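Visitor: this one's structure only:
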């Protein structure tokens, strides 16, 4: 099942499921009172939004061996986690806005885990039952500010620095998924979730020991090697096997 969050031509926001003939509309949300209706809306009559609007996005750094090496970092003994604010989240087609504060903004293609229910101190073997599904994410990062600040909040927290979408795939094994990123059709990143230092279940357990995860929260699981700059006028595409393509234009900000 591919769950989407949409804005209709009547300017209403709703959840649905992507099917061959269009979006099958549901009442409620995938977390509360989730019920199908008989309404199917054609694809050209809806605008896709980020599939969730989380209370928080938990990022994971240095979780692919080659990416850690390309930035000159050692592999961590435990997951390196950080937070991106909910205000950084945008959906498919929405612009990534480059802040004037930075001269070096990078793309980072990532598998995103969507939390399905309240989760606190969940064991790794129980993680799957707490996960709604998976979507694509782009952990946009102001690399120069990350280096300058010595911590990552500003570098990763600008508005529009967390594209998510296009859909939440609920029937998916996260092991061995191909992840890639293209900028203007040029392949920049290509990897597999097999290359993660810490797998999804291990990450979920680690994060939920630190903080309570709420329905709709997102864990970004790290990025493969090949990160690089994006500039105004670019089109960035994150492609994840069995999930789809998350495409966003890049524009200059103030």
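Guide: Right, received. Where do you want to start? Just so we're clear, the structure is a prediction, and the values are computed from it rather than from any experiment.

Visitor: can you pull the contacts of the most centrally placed residue in the chain?
Guide: The residue lying closest to the centre of the chain (Cα atoms, centre = their mean) is residue 137, at 2.4 Å. Residue 137 is in contact with 109, 110, 111, 112, 162, 163, 164, 218, 220, 238, 246, counting by Cβ atoms under 8 Å, 6 or more residues apart in numbering. Bear in mind the C-beta positions are built from the backbone N, C-alpha and C, glycine included.

Visitor: can we see that at 7 Å?
Guide: Contacts for residue 137 (Cβ atoms under 7 Å, 6 or more residues apart in numbering) come out as 110, 112, 162, 163, 164, 220.

Visitor: also residue 90?
Guide: Neighbouring residues of residue 90 by Cβ under 7 Å, 6+ apart: 50, 160, 162, 163.

Visitor: for the closest residue to residue 209 other than its chain neighbours, helix, strand, or coil?
Guide: Of all residues not flanking residue 209 in the chain, residue 121 sits nearest, at 5.4 Å (Cβ to Cβ, 6 or more residues apart in numbering). Assigned with DSSP: H, G, I helix; E, B strand; the rest coil, residue 121 falls in the coil class.

Visitor: can you tell me how far residue 121 sits from residue 130?
Guide: Applying Cβ to Cβ, to the nearest Å, the value for residue 121 to residue 130 is 11 Å.

Visitor: again, but for residue 175
Guide: 17 Å.

Visitor: these two: which is more packed in?
Guide: Shown here are residue 175 and residue 130; by other Cβ atoms under 10 Å, residue 130 has more neighbours (21 against 12).
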